[in-house]
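K.L.:
generate coordinates for the sequence data below:
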Amino acid sequence: MAQSEIDAIRTLLTSKPRPVGWAERRQRLDEVGSVRPVADDVTLAEVDAGGVPGEWSTVPGSDPSRVLMFFHGGGYCSGSIRSHRRMVTEAGRAAALRTLAIGYRLAPEHPFPAALEDAVRAYRWLAARLEPRRIAFAGDSAGGGLALATMHKLRDDGEPLPGAAVALSPWTDLALTGESLRSNADADPMMNAERIPAIADNYLAGADPRHPYASPLYGDASRLPPTLIHAGSDEILRDDAVRMAERMRQAGCEVEIDVWPRMPHAWHLYARILPEGRQAIDRIGAFLERRI
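P.N.:
Presented below is the predicted three-dimensional model:
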């Protein structure tokens with residue numbers, strides 16, 4: 001990634017005064033994430049996914065019998081269907097399937113385990129209508145951690161799991177023990193390492209940061225479905241992704257991890273200005289076409 005592209009991302013993120021309070025932070029992420037609207041050929045439709053807000057997306061050629069269920073990032077405290085709409089719809093295009101974006105409840109108003117409860121509820125609603133093996137989970141950052149945590153919960157409850165999963169820059173360790181939180185603090189233009197502890201506290205609300213349904217890094221990874229994990233070499237959550245992949249590998253899971261050189265946190269959101277973002281989305285599409 002060229003320095004000019006890094007500077008463009010920094011400018012996009014810092015062009016306005018830092019937001020104050022969760023309402024402003026959520027609005028800012030929606031604005032940043034939706035700078036470019038979805039393509040003209042995308043069809044969107046709101047849906048009540050078992051009591052959880054959702055949004056379908058399709059493009060010409062989408063296979064309606066295969067669905068990518070997506071959980072947005074934002075530290076469990078911000079982010080929305082809107083903020084991630086472009087990335088989600090383009091991932092669906094790359095995999096030639098429908099997407100279902102999930103608008104789970106946000107902390108601090110709704111702390112752990114509210115997001116997990118919503119994810120499970122929405123999945124059960126979808127799995128009652130579609131074979132689980134034709135469903136894939138995906139999420140970025142906190143949403144990537146939520147996708148993994150939800151699979152832990154479903155597996156523990158003896159429920160059928162989705163056929164595959166994709167975790168993009170996943171936040172898997174709310175105990176914040178990854179060395180990259182410190183070593184990449186100055187390299188990642190997307191994330192402020194100093195703010196991460198407060199965000200984790202807002203979500204956990206006193207819960208154990210090593211609870212596997214909050215931090216899947218600390219859970220039993222056995223019997224999870226084939227999973228693709230993406231991380232950027234320059235992001236502060238790199239070690240969350242790398243250690244999660246290793247834990248899954250040790251548990252006998254089929255896992256692929258790509259650590260992209262010089263990429264920041266969740267660079268997929270910026271595919272419109274980063275060629276690597278487009279390439280990463282294409283990689284997701286190829287993985288999902290093979291797995292579901």
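
K.L.:
just the CA trace of the longest strand along the chain, in PDB.
P.N.:
Looking across the chain with DSSP state E, the single longest strand is strand 63-71. Listed in PDB are the C-alpha atoms of strand 63-71, where the atom choice follows Å, rounded to 0.1, in the frame of the first residue of the first chain:
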ATOM      1  CA  ASP A  63     -27.800 -17.900  -5.800                       C
ATOM      2  CA  PRO A  64     -30.700 -17.500  -3.300                       C
ATOM      3  CA  SER A  65     -30.100 -20.900  -1.800                       C
ATOM      4  CA  ARG A  66     -26.700 -19.900  -0.400                       C
ATOM      5  CA  VAL A  67     -26.500 -17.100   2.200                       C
ATOM      6  CA  LEU A  68     -23.700 -15.100   3.800                       C
ATOM      7  CA  MET A  69     -24.700 -13.900   7.200                       C
ATOM      8  CA  PHE A  70     -22.600 -10.900   8.100                       C
ATOM      9  CA  PHE A  71     -21.900  -9.300  11.500                       C
END
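
K.L.:
and the angle for the next helix or strand after it with strand 63-71?
P.N.:
Past strand 63-71, further along toward the C-terminus, the next helix or strand under DSSP states H and E is helix 85-95. Angle between the axes of helix 85-95 and strand 63-71 is 140 degrees (criterion: axes from the mean of the first three to the mean of the last three C-alpha atoms, to 10 degrees).

K.L.:
average model confidence for helix 85-95?
P.N.:
Model confidence over helix 85-95, given as mean pLDDT, is 97.

K.L.:
distance between that helix and the chain's centre?
P.N.:
Taking C-alpha atoms, centre = their mean, to the nearest Å, one finds the center of helix 85-95 at 13 Å from the center of the full chain.

K.L.:
please enumerate residues in contact with it?
P.N.:
Outside of helix 85-95, the residues that reach it under the criterion C-beta atoms under 8 Å, 6 or more residues apart in numbering are 33-34, 36-39, 42, 44, 55, 57-59, 62, 66, 68, 70, 72, 81, 98-99, 101, 136, 138, 140, 166, 268-269, 271-272, 281-282, 284-286, 288-289. Any C-beta I mention is one placed from the backbone N, CA and C, and that applies to glycine too.

K.L.:
can I get stretch 235-255 in PDB? Just the C-alpha atoms.
P.N.:
Extracted in PDB, the C-alpha atoms of stretch 235-255 (Å, rounded to 0.1, in the frame of the first residue of the first chain):
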ATOM      1  CA  GLU A 235      -3.000  -3.700  12.400                       C
ATOM      2  CA  ILE A 236      -3.100  -3.700  16.100                       C
ATOM      3  CA  LEU A 237      -5.400  -6.800  16.200                       C
ATOM      4  CA  ARG A 238      -3.000  -8.900  14.000                       C
ATOM      5  CA  ASP A 239      -2.100 -11.200  16.900                       C
ATOM      6  CA  ASP A 240      -5.800 -11.800  17.700                       C
ATOM      7  CA  ALA A 241      -6.200 -13.200  14.200                       C
ATOM      8  CA  VAL A 242      -2.900 -15.200  14.100                       C
ATOM      9  CA  ARG A 243      -3.400 -16.800  17.500                       C
ATOM     10  CA  MET A 244      -7.000 -17.700  16.700                       C
ATOM     11  CA  ALA A 245      -5.900 -19.400  13.500                       C
ATOM     12  CA  GLU A 246      -3.300 -21.400  15.400                       C
ATOM     13  CA  ARG A 247      -5.800 -22.400  18.100                       C
ATOM     14  CA  MET A 248      -8.200 -23.600  15.500                       C
ATOM     15  CA  ARG A 249      -5.400 -25.500  13.700                       C
ATOM     16  CA  GLN A 250      -4.300 -27.200  16.900                       C
ATOM     17  CA  ALA A 251      -8.000 -28.200  17.500                       C
ATOM     18  CA  GLY A 252      -8.000 -30.000  14.100                       C
ATOM     19  CA  CYS A 253     -10.100 -27.400  12.300                       C
ATOM     20  CA  GLU A 254      -9.700 -26.500   8.700                       C
ATOM     21  CA  VAL A 255      -8.400 -22.900   8.700                       C
END
